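Novice: Need a 3D model of the following:
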Amino acid sequence: MERLKKVIENELKNLEVNERNLLRQTSLFTINKLIDNVKERMDEFEKSILDTTIQKNENVYIASLMIPKKDLYLYEVTYSPILESDLEENDLKKILTDDNEEKVLNRVFINLGLEKLVQLENKEFIGKVFCNNKEYTLKLKLKTETEYLKRMKLLYDIFCLNTMKWKTYNIPYIRKMFKVVITEYNSELARELKGGEVVFINKEELAPYWIEDHIIIWNIKEESASSDGLIKPTINKIHYEHTVVFENVTRVYLCPDADNKIYTVAKTVDNSMKIVTDESRPVNWKFWSILPIEMKDYSKLRFTLFDNRIDNNFINQIKMENDLRIRNKGEIYRILNSYKDVRKYLKLENIIITSEEKKTESLYEINDFIIDEFKLKGKKAYMYFEFIPIIQDEFTNDILSFIISDFQLYFPEYECKGILKV
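Specialist: Numbers count the residues shown, from 1 in each chain. Here you go, the predicted structure:
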């Protein structure tokens, strides 16, 4: 740099006055253009940062209902089925003639408590079909339907991709859904069927709890949109920024794409979403819209509304905005009392922290798809929550599983357990 400076000084000594003035004017013009260019780039950068961070994080809650399939039209403004395949009409002839290895007759909701449900896996039944004046026998088996759990895992992946704070979901219905699988049948039956035949199942002792033609709905809707025509390379020329414009981008979240690696997702104030990926061609992106829970009276329904909504009081709002975590009994009671379903079912009696193992309820971990450092290293102590059940029915252990799973996120260094004091 010093050598370059000397060369410039020596050259300036040899220049005439007119040449020096010309050099000075040219240099000033070049520097001014350079300064303007840098300022313009900085303004664009700042605007981009402001546009993508100015939006306040939405309070996103998930609600679910179990309704008769025929009543979906009453709720479809806000709700849609967790599994779209629940809307399909199953036909025995199609099931038996399809190439699918697993012959699933239908899905059923078994309205029992958790302890009894775990005993139903692979339980066998007999079904009968009447066709062409002949009676055919089918052997059937109950298997837990795991497709709902896969949708929950996708919901978690969407939260992560869109940099949203995860909230434990409260959808007890999905753990009570089973698929009825045909394990044996007469090959002649598939040839004789005309379509539309009914299978009569001997449900035995499960008959009062066996619910067919019902579907689980939630306040999430799936849509797709293309970034066609709004694709530009990023500064490094390696990645590409796709822009998808919405009427209202609030509560809209990008789904992971198996064919494209997504590096960044950001919403802007002009109701668009910017997606940075390594794909330069137009992509048909999938989005989930999580709609506000519809405030109406659900008490006349056979099955109640469950959700993970937190009471909208001042203290809760302050803590949610700042992610404050005060680790004491008062904070635990605040969390418990924030959930209407937990207040309705359970009353906290005691909290015990010990390294000793105690007899606890048979529960399930709702957030089992989350792998954190504490899970990998193992926990050194147990945190037992002793509850008095206010309501004891087929959903009590599900609600207990929900709050214990939520506390497990809150206290990852302990292994949280639930006890019901009857």
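
Novice: A helix includes Leu206, no?
Specialist: Yes. Residue state for Leu206 (DSSP: H, G, I helix; E, B strand; the rest coil) corresponds to a helix.

Novice: how much space between it and Phe125?
Specialist: In this view, Leu206 and Phe125 are 8 Å apart by C-beta to C-beta, to the nearest Å. For the C-beta atoms, the positions are set from N, CA and C on the backbone; glycine is no exception.

Novice: Check Leu420 too.
Specialist: In terms of C-beta to C-beta, Leu420 sits 31 Å off from Phe125.

Novice: what's the answer for Asp297, then?
Specialist: For Asp297 relative to Phe125 (C-beta to C-beta), the value is 37 Å.

Novice: go on, Asp398?
Specialist: 25 Å.

Novice: Quick one: the strands in the stretch 51-200 of the chain, in order.
Specialist: Using DSSP state E, counting those that start in this stretch, the strands of the stretch 51-200 of the chain run over residues 63-68, 80-81, 103-110, 124-131, 134-144, 177-184, 200-201.

Novice: now swap in the stretch 201-350 of the chain and tell me
Specialist: Using DSSP E, counting those that start in this stretch, strands in the stretch 201-350 of the chain cover 210-211, 214-218, 220-226, 231-233, 240-245, 252-254, 262-267, 272-277, 284-290, 306-307, 346-354.

Novice: can you redo the ones you listed as a markdown table with distance to Ser187, mean neighbour count and mean pLDDT?
Specialist: A markdown table is the format used below for the strands of the stretch 201-350 of the chain (distance: least, C-beta to C-beta, whole Å; neighbours: other C-beta atoms under 10 Å; pLDDT from 0 to 100):
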| stretch | distance to Ser187 | mean neighbour count | mean pLDDT |
| --- | --- | --- | --- |
| strand 210-211 | 28 | 18 | 96 |
| strand 214-218 | 32 | 24 | 96 |
| strand 220-226 | 39 | 15 | 93 |
| strand 231-233 | 54 | 12 | 83 |
| strand 240-245 | 51 | 18 | 92 |
| strand 252-254 | 47 | 21 | 96 |
| strand 262-267 | 48 | 17 | 92 |
| strand 272-277 | 49 | 20 | 92 |
| strand 284-290 | 40 | 17 | 96 |
| strand 306-307 | 44 | 21 | 96 |
| strand 346-354 | 52 | 14 | 93 |
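
Novice: Can you lay out those strands as CSV showing distance to Arg175?
Specialist: Converted to CSV, these look like this (distance: least, C-beta to C-beta, whole Å):
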stretch, distance to Arg175
strand 210-211, 14
strand 214-218, 11
strand 220-226, 18
strand 231-233, 43
strand 240-245, 35
strand 252-254, 25
strand 262-267, 31
strand 272-277, 33
strand 284-290, 21
strand 306-307, 12
strand 346-354, 18
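
Novice: I'd like to know which of those is closest to Thr183.
Specialist: Thr183 sits nearest to strand 210-211 of all those, at 18.2 Å, using C-beta to C-beta.

Novice: Figure out how far that closest one is from the centre of its chain.
Specialist: Offset of strand 210-211 from its chain centre (C-alpha atoms, centre = their mean, to the nearest Å): 27 Å.

Novice: same thing with stretch 193-208?
Specialist: 34 Å.

Novice: Ok, stretch 280-288 next?
Specialist: With C-alpha atoms, centre = their mean, you get 19 Å for stretch 280-288.

Novice: Now do it: everything it contacts.
Specialist: With contacts defined as C-beta atoms under 8 Å, 6 or more residues apart in numbering, stretch 280-288 is touched by 155, 158, 220-229, 231, 233, 240, 242, 244, 252-255, 257, 260, 275, 277.

Novice: and the end-to-end length of stretch 123-138?
Specialist: 14 Å (C-alpha to C-alpha, to the nearest Å).

Novice: Residues touching it, excluding its own?
Specialist: Residues contacting stretch 123-138 (C-beta under 8 Å, 6+ apart): 92, 105, 139-142, 180, 182-186, 188-189, 192-194, 197-204.

Novice: Can you say which of those residues are buried?
Specialist: 92, 105, 140-142, 180, 182, 185, 189, 193, 197, 199, 201, 203 (16 or more other C-beta atoms under 10 Å).

Novice: Helices of this protein, start to end?
Specialist: Using DSSP state H, the helices found in the chain span residues 2-13, 17-53, 92-97, 114-117, 147-161, 187-192, 314-322, 329-338, 340-345, 373-377, 396-410.

Novice: who touches the last one?
Specialist: If I follow you right, that is helix 396-410. Contacts of helix 396-410 (C-beta under 8 Å, 6+ apart): 113-115, 166, 168, 170, 172, 175, 308, 325, 332, 335-336, 339, 341-342, 345-346, 361-367, 370, 383, 385, 387, 389, 415-418, 420.

Novice: Got the domain ranges for this protein?
Specialist: 2-53, 63-217, 220-290, 310-420 (automatic domain parsing).

Novice: List the contacts of the residue nearest to Lys380 when sequence neighbours are not counted.
Specialist: Distances taken as C-beta to C-beta, 6 or more residues apart in numbering put Ser355 closest to Lys380, at 7.0 Å, once the chain neighbours are dropped. By C-beta under 8 Å, 6+ apart, Ser355 lies in contact with Lys380, Ala381, Tyr382.

Novice: residues near the nearest residue to Val342 once chain neighbours are set aside, how many?
Specialist: In this structure, Val342 finds its nearest non-sequential neighbour in Ile403, 5.1 Å apart by C-beta to C-beta, 6+ apart. Around Ile403 sit 25 other residues, with neighbours defined as other C-beta atoms under 10 Å.
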